[in-house]
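Participant: For reference, the sequence and a predicted model appear below.
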Amino acid sequence: MRGLVAGNWKMNGDTAGALQMAVAVREAAPALACDLLICPPATLLHTLANALVGTTVAVGGQDCHANAKGAHTGDISAAMLHDAGAGWVILGHSERRADHGETDALVRAKTVTATSAGLSAIVCVGETESQRVAGEQIAVVGAQLAGSLQDGFEGVIAYEPVWAIGTGRTPTEADVAAMHAFIRGQLTQRFGAAGSAMRILYGGSVKPSNAAALLNLPEVGGALVGGASLQAADFLAIASAVRG
Ligand code: PGA
């Protein structure tokens, strides 16, 4: 399967920047060996999706509500993301889990709603630094996978060690490979052939200088990129590091 490099802009970006990014990725995408996805803030989804019409570059949301609609002031439904032009949504990012108390059960409910609305989900898992120090990373990620994915899940997993997000620190290549092998085993055990074909992204301080080493490891199917996805040059340098 082709790799996927997804940019998570988090709470950054404006209209002018989104349009500039659209021009850059539109030109570069055809020559890349991976698929591109940009997840801007919800306010920019429609603008970015419109600017990318006719390209292979997809856009996605960074979260959605677990309910299909209703009285949830300030929240955004999966159907609304889809209506704005999104094909994807990131769910269970560690910043959502930490800032908004999102549990595995809530993330699972969101994956169900997102799938019904026609969105592909990227479900994030990953251990904290204290969990890694305690040697609990496999147990933590195993529990997150078991709890966050609904039966019949068909999306993408992003392994993002919390301590590597936005810190400039990354696990060793051996640690990334070991965790991705573990995740692959869990997915195959639970979902059979679909699980062996699912993309597993690595996320956490991916940048142009480490992309080639991290993204071509066995079972690494691409990257979820935060900070380095805000500048087109860095984002595209990371995408260029993915071999076919
Ligand atoms: P980072 O963020 O690339 O800035 O570390 C990754 C993420 O949170 O998805």
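Facilitator: Received, thanks.
Participant: quick one, helices of this protein?
Facilitator: For the chain, the helices defined by DSSP state H cover 15-28, 42-51, 78-83, 94-99, 104-116, 129-133, 137-148, 173-191, 193-197, 208-215, 232-240.
Participant: Can you list the helices and strands that the second one packs against?
Facilitator: When you say that, I think you mean helix 42-51. Packing partners of helix 42-51 (3 or more Cβ pairs under 8 Å, 6 or more residues apart in numbering; DSSP states H and E): helix 15-28, strand 58-61. C-betas here are computed from N, CA, C, even on glycine.
Participant: and the angle from that helix to helix 15-28?
Facilitator: 40 degrees (axes from the mean of the first three to the mean of the last three Cα atoms, to 10 degrees).
Participant: who in this protein is up against the ligand?
Facilitator: 8, 160, 165-166, 203-206, 224-228 (Cβ under 6 Å from any ligand atom).
Participant: Buried among those? Make that a ChimeraX selection.
Facilitator: Restricted to buried positions by 16 or more other Cβ atoms under 10 Å, the ChimeraX selection for the residues of the chain next to the ligand reads:
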select :8,160,165,203,204,205,206,224,225,226,227,228
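Participant: From the residues of the chain next to the ligand, pick the one nearest residue 36.
Facilitator: Comparing the residues of the chain next to the ligand against residue 36 with Cβ to Cβ places residue 225 closest, at 10.4 Å.
Participant: so who does the closest one touch?
Facilitator: 5-8, 203, 206, 235, 238 (Cβ atoms under 8 Å, 6 or more residues apart in numbering).
Participant: Which strand residues bridge it?
Facilitator: residue 7 (DSSP bridges).
Participant: pLDDT at it, what is it?
Facilitator: In the predicted model, residue 225 carries a pLDDT score of 98.
Participant: okay, the helices and strands packed on helix 42-51 in JSON lines with distance to residue 187 next?
Facilitator: Converted to JSON lines, the helices and strands packed on helix 42-51 look like this (distance: least, Cβ to Cβ, whole Å):
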{"stretch": "helix 15-28", "distance to residue 187": "29"}
{"stretch": "strand 58-61", "distance to residue 187": "21"}
